[in-house]
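Engineer: have a look at this fold, sequence not included:
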């Protein structure tokens, strides 16, 4: 029987005012696993007001006090690691070996990181003159709305939540409609470790109602959003009415460039990870492959053979490395890309169908799919697919490779595979992307900033840079002369 959940507003667990609920589906088998409230304007307003009421006391805490609470939350996550991992696998379909060993531990690590580095956040003393003291201090923005995606349900919340809370903001979190369960569990753990009521609120519901109401709400000072580019553009338009700050981590169509001197076997290993991690449902996934013409055939053959070996199946099986796509509509969308790619002239090298096994036939699975002999005009090489589907193309010169990598409206990430690190560094400087990896793809650390350019958004998550995203700078001037009349007052006399 499906479990019923409530949302967290002001430290209390409540349903939606109208009693509406949404079914949460296990994408591995199509079964209903939970019911969550379908919130609306009333719940948004209540959550924002609760966050506003909690804000003064939370801001008044020392950085040390807030950091210690984040560390407690980090420890609570690790103490419930198995429970959280199984919950996320059930609602999202991500393999248990990944949720257990990657997603949940990284949630804890993110909070631990921000609890530590935020204590070094400082202002500046400005050398204006000996007659005054002039300084800057950083202050929290107030109430922050965090609107997060379904591809990493808990982790994407931890990315934003740690930085927002430790700097003194209070939050209203809107988790993804299809995968809200682990985020609701994080709210429960926050209450258990003593984070005050109203500091973290979690409300569920569709983006077109709950998300938009949060962006419109006059009590929200900033929106931190990770998701698709079209939604990000709409958030920008809505937020402009109230001149609200926004942080946007949006889509990507990421180039994977294999130079003539690359170690092919290493590049293939990176390609398999970059293309299929999380079933390709990663904004930074490797999806456009540009291979030097001298290595194209060898790379394509080895990439296909390595992709065939991936175990696609029951995500609760520790041996499974690739689970289903997150929901039926997304599976259908990805299959649409595949169907059109077959008609576009691209050569199907692998996959292109649903895996047909007892483990997969009732879920939303798509096999690893590789197309060869692609060109940049193809939809396959132009638009974000967000699934285990990639296209391969040839290039002749480094200049052509850079031009191809930049021939996209996105600018999130790219990777270069070469034994000549100096040449790789020079090429990285010419590629228009927020992150460029050399001989690696899809490796992200707490300590390194994450965010793109062009239609991949603006602002940063992670690293110490994100602390600036959740604070405002205030300038304070103190007169040290003790004089009632300053020399510059004479201008008006």
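Structural biologist: The structure has been received and is ready for your questions. This structure is a prediction, so every number in the text was calculated from the model and none was measured. Residues are numbered from 1 along each chain as shown.

Engineer: residues near the nearest residue to residue 26 once chain neighbours are set aside, how many?
Structural biologist: In space, and not counting its chain neighbours, residue 26 is closest to residue 33: 4.9 Å by CB to CB, 6 or more residues apart in numbering. All C-beta spots, glycine's among them, are computed from the backbone N, C-alpha and C. When counting by other CB atoms under 10 Å, one arrives at 16 neighbours for residue 33.

Engineer: hang on, residue 33 in a strand?
Structural biologist: Yes - per DSSP: H, G, I helix; E, B strand; the rest coil, residue 33 lies within a strand segment.

Engineer: wait, what's in contact with residue 323?
Structural biologist: By CB atoms under 8 Å, 6 or more residues apart in numbering, the contact set of residue 323 is 27-28, 89, 93-95, 279, 312-315, 363, 365.

Engineer: out of these, grab the one that's most surrounded.
Structural biologist: residue 279 (33 neighbours).

Engineer: just give me how far stretch 379-386 sits from the chain centre.
Structural biologist: Distance of stretch 379-386 from the chain centroid (CA atoms, centre = their mean, to the nearest Å) equals 19 Å.

Engineer: and it, which residues are buried?
Structural biologist: 380, 381, 383, 384, 385, 386 (16 or more other CB atoms under 10 Å).

Engineer: of those, closest to residue 480?
Structural biologist: When the buried residues of stretch 379-386 are compared for distance to residue 480 (CB to CB), residue 384 comes out closest, at 56.3 Å.

Engineer: and the closest residue in space to that closest one that isn't next to it in sequence, how far from residue 226?
Structural biologist: Using CB to CB, 6+ apart and skipping residues adjacent in sequence, the residue nearest residue 384 is residue 251, 4.5 Å away. To residue 226, residue 251 is 10 Å away according to CB to CB, to the nearest Å.

Engineer: go on, residue 197?
Structural biologist: Applying CB to CB to residue 197 and residue 226 gives a distance of 26 Å.

Engineer: likewise residue 63?
Structural biologist: 25 Å.

Engineer: cool, residue 274 as well?
Structural biologist: In this view, residue 274 and residue 226 are 19 Å apart by CB to CB.

Engineer: quick revisit: compare neighbour counts for residue 251 and residue 226 and give me the winner.
Structural biologist: Ranked by neighbour count (other CB under 10 Å), residue 251 and residue 226 place residue 226 first, with 26 against 23.

Engineer: that one against residue 252, yeah?
Structural biologist: No - under the criterion of CB atoms under 8 Å, residue 226 makes no contact with residue 252, lying 11.5 Å away.

Engineer: looking at this, residue 186 is in a helix?
Structural biologist: Yes - applying three-state DSSP, one finds residue 186 inside a helix.

Engineer: neighbours around it, how many?
Structural biologist: 26.

Engineer: ok, now residue 353?
Structural biologist: 12.

Engineer: just checking, what packs against the host helix or strand of residue 478?
Structural biologist: For residue 478, the host element (DSSP states H and E) is strand 471-479. Contact analysis of strand 471-479 by 3 or more CB pairs under 8 Å, 6 or more residues apart in numbering; DSSP states H and E lists strand 132-140 as its packing neighbours.

Engineer: return the list of strands paired to the helix or strand just after the strand it packs on, each annotated with direction.
Structural biologist: Following strand 132-140 in sequence order, the next helix or strand is strand 143-147 (DSSP H and E). Here strand 143-147 is paired, per DSSP bridges, with strand 170-174 (parallel), strand 222-226 (parallel).

Engineer: mean confidence score for the first one?
Structural biologist: Per-residue pLDDT values across strand 170-174 average out to 98.

Engineer: what does it contact?
Structural biologist: By CB under 8 Å, 6+ apart, the list of residues contacting strand 170-174 reads 44, 47-48, 51-52, 54-55, 58, 142-148, 157, 161, 164-165, 183, 187, 198-205, 207, 210-211, 214, 220.

Engineer: that one vs strand 132-140, what angle?
Structural biologist: 30 degrees (axes from the mean of the first three to the mean of the last three CA atoms, to 10 degrees).

Engineer: what do you get for the last one?
Structural biologist: In this structure, strand 222-226 runs at an angle of 50 degrees to strand 132-140, with the same axes, to 10 degrees as the basis.

Engineer: quick check: neighbours shared by residue 226 and residue 252?
Structural biologist: Here residue 226 and residue 252 share the contacting residues residue 283, scored by CB under 8 Å, 6+ apart.

Engineer: count the residues that sit near the residue lying closest to residue 388 once chain neighbours are set aside.
Structural biologist: For residue 388, ignoring the flanking residues on the chain, the nearest one in space by CB to CB, 6+ apart is residue 280 at 4.0 Å. Residue 280 has 24 neighbouring residues, counting by other CB under 10 Å.

Engineer: tell me which residues touch residue 280, please.
Structural biologist: 287, 385, 386, 387, 388, 389, 390.

Engineer: which pair of these spans the longest distance?
Structural biologist: Farthest pair in the contacts of residue 280, by CB to CB: 386 and 390, 11.9 Å.

Engineer: now intersect the contacts of strand 170-174 with the helices, please.
Structural biologist: Under the assignment DSSP state H, the contacts of strand 170-174 contribute 44, 47-48, 51-52, 54-55, 58, 157, 161, 164-165, 183, 187, 214 to helices.

Engineer: residue 287: what secondary structure?
Structural biologist: Under three-state DSSP, residue 287 falls in the strand class.

Engineer: can you classify the closest residue to it other than its chain neighbours as helix, strand or coil?
Structural biologist: Excluding the flanking residues, the one nearest residue 287 by CB to CB, 6+ apart is residue 390, at 5.4 Å. Secondary structure of residue 390, reduced to three states by three-state DSSP: strand.

Engineer: ok, residue 390 to residue 306 distance?
Structural biologist: Distance, residue 390 to residue 306, by CB to CB: 12 Å.

Engineer: so what's in contact with the two at the same time?
Structural biologist: Counting by CB under 8 Å, 6+ apart, the residues touching both residue 390 and residue 306 are residue 271.

Engineer: which of the two has more neighbours?
Structural biologist: A count of neighbours by other CB under 10 Å puts residue 390 above the other of residue 390 and residue 306, at 30 against 16.

Engineer: help me confirm that residue 36 is found in a strand?
Structural biologist: Yes - assessed by three-state DSSP, residue 36 belongs to a strand.

Engineer: still on that earlier bit, backbone phi and psi for the residue nearest to residue 388, please?
Structural biologist: Per-residue torsions, residue 280: phi 80, psi 0 (degrees, to the nearest 10).

Engineer: okay, buried residues for the strand holding residue 478 please.
Structural biologist: Those would be residue 471, for strand 471-479 by 16+ other CB under 10 Å.

Engineer: so for that strand, mean pLDDT?
Structural biologist: 96.

Engineer: and the residue nearest to residue 287, what does it touch?
Structural biologist: Per CB under 8 Å, 6+ apart, neighbours of residue 390: 271, 275, 280, 286, 287, 288, 289, 369, 370, 371.

Engineer: from residue 449, how far off is the second one?
Structural biologist: Looking back up the chat, that one is residue 275. 24 Å.

Engineer: more neighbours: which of those two?
Structural biologist: Each of residue 275 and residue 449 has its neighbours counted (other CB under 10 Å); residue 275 has more, 27 against 16.

Engineer: hmm, residue 285 and that one touching each other?
Structural biologist: Yes - between residue 275 and residue 285 a contact is recorded at 6.2 Å, counting by CB under 8 Å.

Engineer: give the contact list for the spatially closest residue to residue 47 that is not a sequence neighbour.
Structural biologist: Leaving aside its sequence neighbours, residue 47 sits nearest to residue 201 (CB to CB, 6+ apart; 4.1 Å). By CB under 8 Å, 6+ apart, residue 201 lies in contact with 7, 8, 9, 10, 47, 50, 51, 170, 171, 172, 173, 187.
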